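Novice: Just a sequence and a predicted model for now, questions to come.
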Amino acid sequence: MKKTAKSRKLVSDNGKQEAGRLRWDDARVFLAIARAGSLSGAAASLGIGLATVSRQIERLEAALGLTLFTRHQNGYRLTDDGDALLERAETLEQAAEAFSEGSAAQTGVTGRVRLATAETLASHFIIPALPNLMTRYPDLTLELVTDVQTVNLHRRDADLAVRMVKPERGNLTMQRLGTLGFGLYGSRDYVEAHPLTPDDMRFDGDRFIAWRDPYSHLSTAQWIERTLRGRAPVLATTTLTAQLHATMAGLGLAVLPHFLARRHDLICLQADLGIDQHIWMAVHSDLAQSRRVRVVIDFLTELIRASQAELALVDHS
């Protein structure tokens with residue numbers, strides 16, 4: 001978003017004056033609205049009343065003499081002036097969190113960490129292992145963001161992300177943690193009812209469980225589309241969990257992560273589809289050494305690397 005002349009003046013000529021006006025209590029409300037896109041969402045995330053949020057943002061705009069948001073039917077959007085203040089508000093947030101961590105250093109890790117990741121990894125892999133983390137750090141709060149939309153770490157939609165797509169933009173610290181392998185799976189009953197011969201690897205007579213059109217960009221969706229060659233799937237879904245249960249019910253074949261399919265005793269018909277995905281961890285560079293964020297990074301790194309044989313399983317047994 002381009003900064004207006006008024007915005008540039010705000011950040012440069014009047015920088016000292018505005019820094020004095022923008023206090024942390026105002027900044028946290030401003031950031032909450034920017035991230036939630038609505039007053040009600042901001043109120044819920046802050047645990048305060050809707051009227052309080054509205055009153056504080058109106059007071060801040062009046063003090064600055066600026067309009068920070070445009071109001072639309074579907075929510076609140078940052079103006080150019082609001083966008084110009086975003087980085088400064090995030091700096092205040094980081095300072096407040098650093099102060100909180102310093103004061104809690106003697107009692108252990110405390111605070112909130114927002115982790116963005118795929119729903120499959122969250123529900124079937126990360127959450128089952130969380131008791132170990134929470135037992136060690138009982139004052140840590142973890143928020144999981146599993147929306148399909150890619151989060152913006154620079155805007156602090158999340159503190160860190162574990163994704164199968166490498167982020168290309170932003171002031172991020174990244175590391176590759178491992179590989180997530182995919183195969184073609186069916187239930188035991190389905191496979192017994194539809195036996196394959198060694199030459200029958202086109203799957204012309206098989207039913208497939210696929211993704212709906214909005215997810216056609218996924219490598220798994222594209223593999224199924226190529227295999228179907230114009231045929232319609234028996235079922236199309238919007239989540240991998242739905243595909244897993246449909247496969248378990250014997251509706252047809254699906255492309256699933258090895259670790260997930262093997263845990264549910266599904267039969268692998270083709271183990272190497274050429275669509276395995278790297279697992280990347282990305283964190284905003286300013287947070288990379290934050291104590292609360294660091295313990296989550298270390299936990300996830302150890303968890304994924306220790307489970308790499310299960311996650312990337314490729315064999316032809």
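Specialist: Nice, I can see it. Numbers count the residues shown, from 1 in each chain.
Novice: When you work out contacts or count neighbours from here on, use the C-alpha atoms and nothing else.
Specialist: Will do.
Novice: what helix or strand is residue 230 on?
Specialist: When elements are assigned from DSSP states H and E, residue 230 belongs to no helix and no strand.
Novice: now the strands for the stretch 51-200 of the chain?
Specialist: 69-72, 75-78, 111-117, 140-145, 160-163, 172-180, 182-186 (DSSP state E, counting those that start in this stretch).
Novice: Low-confidence ranges, the stretch 151-300 of the chain, go.
Specialist: 151-157, 167-171, 197-200 (pLDDT under 70).
Novice: Out of the strands of the stretch 51-200 of the chain, which one sits most buried?
Specialist: Here the criterion is mean neighbour count by mean count of other CA atoms under 10 Å, and of the strands of the stretch 51-200 of the chain the winner is strand 182-186, at a mean of 26.
Novice: strands paired with that one, and their directions?
Specialist: strand 254-257 (antiparallel), strand 267-270 (antiparallel) (DSSP bridges).
Novice: how about the last one as CSV, C-alpha atoms only?
Specialist: This means strand 267-270. Provided in CSV are the C-alpha atoms of strand 267-270 (Å, rounded to 0.1, in the frame of the first residue of the first chain):
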residue,chain,number,x,y,z
ILE,A,267,-3.5,-49.7,2.0
CYS,A,268,-0.9,-47.9,-0.1
LEU,A,269,-1.3,-48.5,-3.8
GLN,A,270,1.4,-46.1,-5.0
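Novice: confidence score at the residue nearest to residue 27 when sequence neighbours are not counted?
Specialist: Excluding the flanking residues, the one nearest residue 27 by CA to CA, 6 or more residues apart in numbering is residue 89, at 5.2 Å. pLDDT, residue 89: 80.
Novice: got it, and residue 301?
Specialist: Residue 301 carries a pLDDT value of 91.
Novice: where does it land in three-state SS?
Specialist: For residue 301, the assignment made with DSSP: H, G, I helix; E, B strand; the rest coil gives helix.
Novice: now the nearest residue to it once chain neighbours are set aside: how far from residue 227?
Specialist: Nearest residue to residue 301, sequence neighbours excluded (CA to CA, 6+ apart): residue 177, at 6.4 Å. Noted for residue 177: a distance of 30 Å to residue 227, by CA to CA, to the nearest Å.
Novice: same thing with residue 122?
Specialist: Between residue 122 and residue 227 the computed distance is 29 Å (CA to CA).
Novice: Please say which of the two ends up with more neighbours.
Specialist: Under the criterion of other CA atoms under 10 Å, the comparison of residue 122 against residue 227 puts residue 122 first, with 18 against 15.
Novice: which residues does that one contact?
Specialist: 144, 146 (CA atoms under 8 Å, 6 or more residues apart in numbering).
Novice: hang on, the earlier thing: save the strands of the stretch 51-200 of the chain as JSON lines, and put in distance to residue 271 too.
Specialist: As requested, the strands of the stretch 51-200 of the chain are exported to JSON lines (distance: least, CA to CA, whole Å):
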{"stretch": "strand 69-72", "distance to residue 271": "49"}
{"stretch": "strand 75-78", "distance to residue 271": "45"}
{"stretch": "strand 111-117", "distance to residue 271": "24"}
{"stretch": "strand 140-145", "distance to residue 271": "30"}
{"stretch": "strand 160-163", "distance to residue 271": "22"}
{"stretch": "strand 172-180", "distance to residue 271": "12"}
{"stretch": "strand 182-186", "distance to residue 271": "5"}
